[in-house]
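Trainee: Following is a predicted model, sequence given first.
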Amino acid sequence: MKVAFLIADGMGDYPLDELGGKTPLEYARTPVMDELSKTSQVGMCRTIPPHMEPGSDIANMALLGFSPAKYHTGRGPIEAAALKVPVGEGDIVFRMNLCTVSELSPRGEMIDYSAGHISTEQGQWLVSLIKERLEDERFSFVPGFQYRHLMIMRNGQEEWVEGLHISPPHDILGEGISKDIEEFSRCPSLWQIVVSAHEILSSPVNTTKANTIWPWGQGKRLSLPSFFSTYGMRGAVISAVDLIKGLGYASGMDVIEVEGATGLLDTNYQGKAGAAIEYLEKGDFVFVHLEGPDECAHAGNIWDKVKAIERFDEYIVGPIADYIRFHQGVCVICPDHLTPIKVRTHVKDPVPFLIFIPSRPVKGTNVFSEREAEKTGLFIPTGEEMLSYVLNLMKEL
């Protein structure tokens, strides 16, 4: 049986005055999801464990069926797996954003976690400058995608400071960075790298908005069990972002690249849906991840978030649900976490989901939304239980 997980990153939200007290999901025109919800199991799932931070790395690892409490070491190592970067036993891998701060001092503020959504070409050029001038036997730099890059502290566990917590830059937009400066300073070699990179990025040769690197999400090498061995399905992931690709590579899944997949509102929706359907012709499970709603929410852009949800409904959910209906498969639709416009970052609240099984229709809800999902009383306590819950439903068919 064919199984499709369709994940709209950060789609869930809180009611907004600008939308007449509705959430973006409630306000958006989503005829496909609303129609599916009428005959689907609809409920809520807690994708973020109470003791962990509400990140996409944790939530998506859980939705792929792997316990973050057991396997998560940090966001950096997941993205290193995506780029197939060798990571030694004693290495520490950081996700490294190119950011804009008002000043790199305790008086500074985080202005933009993405340096104005810097292009991949510009971002890679800046990282190459940093790499040329600062890379040594201790620190190495790996160019990535847009503002998302990597920094590796080789044999870093020898000098690492336990409990070092650097805020994800998207969590502190418009806020002071004094606490993070203090954290960086606890590891002198790390702080010196940040200062030196800031000096490079402050040069007149750099005409972008990026004026600092921001290493965070550090951790040791990632190790996940095989998805096929664990669940008996040949699976694939489809996403614009390295985070999802890394989870796919680390668990032995197929990783499908889609031309024009940007991770933004203008992504290639139809290309992702087409690639998912093509894969399901030969595979068993596909995990389609859309970054757009999350990026729009971080930017505080209500109307772009509504557009991203509407395009997800029309161009991704629509064709894939039709395929699942024809092949009598299973389709799961949900956000990985909520990214409310009001706070412009991730929160730990449970997410709404629907499970569409055309061969087993049930009484669902009239529309798919956060409030309607909560009313059903169906609750899956952890994200990693979602896949098992779906597979158990399949056994009953």
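Mentor: Nice, thanks for sending it over.

Trainee: Quick one: low-confidence residue ranges for the stretch 1-150 of the chain.
Mentor: Scanning the stretch 1-150 of the chain for pLDDT under 70 picks out no residues.

Trainee: Can you show me the helices along it?
Mentor: Ranges of helices in the stretch 1-150 of the chain, per DSSP state H, counting those that start in this stretch, are 24-27, 31-37, 56-63, 68-71, 75-82, 120-134.

Trainee: Could you check the angle the fifth one makes with helix 56-63?
Mentor: Okay, so that is helix 75-82. Angle, helix 75-82 to helix 56-63, by axes from the mean of the first three to the mean of the last three Cα atoms, to 10 degrees: 70 degrees.

Trainee: From the contact counts, what lies against helix 75-82?
Mentor: Secondary-structure packing of helix 75-82 (3 or more Cβ pairs under 8 Å, 6 or more residues apart in numbering; DSSP states H and E): helix 56-63, strand 92-101, strand 148-153, strand 212-219, helix 242-250. (C-beta placed from N, C-alpha, C; glycine too.)

Trainee: can I get the helices of the stretch 1-150 of the chain in JSON lines with mean neighbour count and distance to Gly292?
Mentor: Output for the helices of the stretch 1-150 of the chain, formatted as JSON lines (neighbours: other Cβ atoms under 10 Å; distance: least, Cβ to Cβ, whole Å):
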{"stretch": "helix 24-27", "mean neighbour count": "26", "distance to Gly292": "12"}
{"stretch": "helix 31-37", "mean neighbour count": "21", "distance to Gly292": "15"}
{"stretch": "helix 56-63", "mean neighbour count": "27", "distance to Gly292": "13"}
{"stretch": "helix 68-71", "mean neighbour count": "16", "distance to Gly292": "24"}
{"stretch": "helix 75-82", "mean neighbour count": "28", "distance to Gly292": "19"}
{"stretch": "helix 120-134", "mean neighbour count": "17", "distance to Gly292": "17"}
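
Trainee: and the gap between Ser369 and Pro24?
Mentor: 10 Å (Cβ to Cβ, to the nearest Å).

Trainee: mind giving me the domain split of the protein?
Mentor: Annotated domains of the chain cover 3-73+224-395, 80-219 [automatic domain parsing].

Trainee: which one of the ones you listed is the most hemmed in?
Mentor: Of the domains of the chain, the one with the most neighbours on average (mean count of other Cβ atoms under 10 Å) is domain 3-73+224-395, at a mean of 21.

Trainee: End to end on that one, go ahead and measure it.
Mentor: The first and last residues of domain 3-73+224-395 sit 13 Å apart, counting by Cα to Cα, to the nearest Å.

Trainee: now it: how far from the chain's centre is it?
Mentor: 11 Å (Cα atoms, centre = their mean, to the nearest Å).

Trainee: would JSON lines of the helices of the stretch 1-150 of the chain with distance to Gly163 be doable?
Mentor: Below are the helices of the stretch 1-150 of the chain laid out as JSON lines (distance: least, Cβ to Cβ, whole Å):
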{"stretch": "helix 24-27", "distance to Gly163": "36"}
{"stretch": "helix 31-37", "distance to Gly163": "42"}
{"stretch": "helix 56-63", "distance to Gly163": "18"}
{"stretch": "helix 68-71", "distance to Gly163": "18"}
{"stretch": "helix 75-82", "distance to Gly163": "17"}
{"stretch": "helix 120-134", "distance to Gly163": "26"}
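
Trainee: Please enumerate the helices of the stretch 201-350 of the chain.
Mentor: According to DSSP H, counting those that start in this stretch, the stretch 201-350 of the chain carries its helices in the segments 227-231, 242-250, 269-280, 292-298, 302-311, 318-327.

Trainee: returning to that earlier point: pipe the helices and strands packed on helix 75-82 into TSV and attach distance to Leu36 per row.
Mentor: Below are the helices and strands packed on helix 75-82 laid out as TSV (distance: least, Cβ to Cβ, whole Å):
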stretch	distance to Leu36
helix 56-63	18
strand 92-101	34
strand 148-153	32
strand 212-219	34
helix 242-250	23
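
Trainee: Out of the ones you listed, which is closest to Gly364?
Mentor: helix 56-63 (20.3 Å; Cβ to Cβ).

Trainee: helices or strands up against that closest one?
Mentor: Helices and strands touching helix 56-63, by 3+ Cβ pairs under 8 Å, 6+ apart, are strand 3-8, helix 68-71, helix 75-82, helix 242-250, helix 384-395.
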